[in-house]
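Asker: What follows is a protein structure lacking sequence information:
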């Protein structure tokens, strides 16, 4: 029977770390390692689930725990605007009310799309302008092109960095060690 590692939701409640990026990354790695040493007595993630995260970004994002750990990793690198935008768009597509859709679309545009936005994502001018025009009558698909661009950026850049990160490797190693025991 497989041993389990620490439950990420408990772990991730404490991820409001200092702004010093080295301290942030170090703290997260340290806490994951400390928590994983309690594997025999704590419910959480098994090795199979963690190893599946390395198969695809889609697999990682479809896991509740994988998503939270990936978000924490991106936050530790000060590059979490893409995942935040992608998640906001996922929620946006579920809105049924046209009034709420219009209001939310404007907020998303101001926060992520417009030039010099507080959490500006990296998209081309053509896509940005198309979305700006779509703000006159927002639909469930008005952010889809930007969403695809951001997903591609995460898939080509952030996700491979996550897989090579000390955080992911420590988590993977700690669960594989608990299997050997």
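Answerer: Structure received. Every value quoted in this text rests on a predicted model; they were computed, and no experiment measured them.

Asker: tell me which element the residue nearest the centre of the chain is part of?
Answerer: Relative to the mean C-alpha position of the chain, the nearest C-alpha, by CA atoms, centre = their mean, is the one of residue 71, at 3.4 Å. Here residue 71 sits within helix 64-76, counting by DSSP states H and E.

Asker: Show me what that helix is packed up against.
Answerer: Helix 64-76 sits against helix 8-12, helix 21-36, helix 47-53, helix 57-62, helix 81-92, helix 159-164, helix 166-180, with contacts defined as 3 or more CB pairs under 8 Å, 6 or more residues apart in numbering; DSSP states H and E. (Glycine included, C-beta is placed from N, CA and C.)

Asker: That one vs helix 81-92, what angle?
Answerer: 140 degrees (axes from the mean of the first three to the mean of the last three CA atoms, to 10 degrees).

Asker: which stretches of this structure have low pLDDT?
Answerer: Residues of the chain that meet the criterion pLDDT under 70 lie in 1-44, 177-181.

Asker: What's the local residue count around the residue nearest to residue 172 when sequence neighbours are not counted?
Answerer: Excluding its sequence neighbours, the residue lying closest to residue 172 (CB to CB, 6 or more residues apart in numbering) is residue 50, at 5.5 Å. Number of residues near residue 50 (other CB atoms under 10 Å) recorded here: 23.

Asker: measure residue 50 to residue 65 for me?
Answerer: Look at residue 50 and residue 65: by CB to CB, to the nearest Å, they are 8 Å apart.

Asker: thinking again about what came up before, which residues touch the closest residue in space to the residue nearest to the centre of the chain that isn't next to it in sequence?
Answerer: Nearest non-adjacent residue to residue 71, counting by CB to CB, 6+ apart: residue 83, 5.6 Å away. For residue 83, the contact set (CB atoms under 8 Å, 6 or more residues apart in numbering) comprises 70, 71, 74, 154, 158.

Asker: so the first one makes contact with residue 60?
Answerer: Think residue 70. Yes. The criterion here is CB atoms under 8 Å, and residue 70 meets it with residue 60 at 5.7 Å.

Asker: got any residues that touch both of those two?
Answerer: 159, 162.

Asker: thinking again about what came up before, is it true that the residue nearest to the centre of the chain touches residue 82?
Answerer: No. With contact defined as CB under 8 Å, residue 71 does not reach residue 82; the gap is 10.5 Å.

Asker: Tell me both backbone torsions, phi and psi, for residue 122.
Answerer: Backbone torsions of residue 122, given as degrees, to the nearest 10, read phi -90, psi 90.
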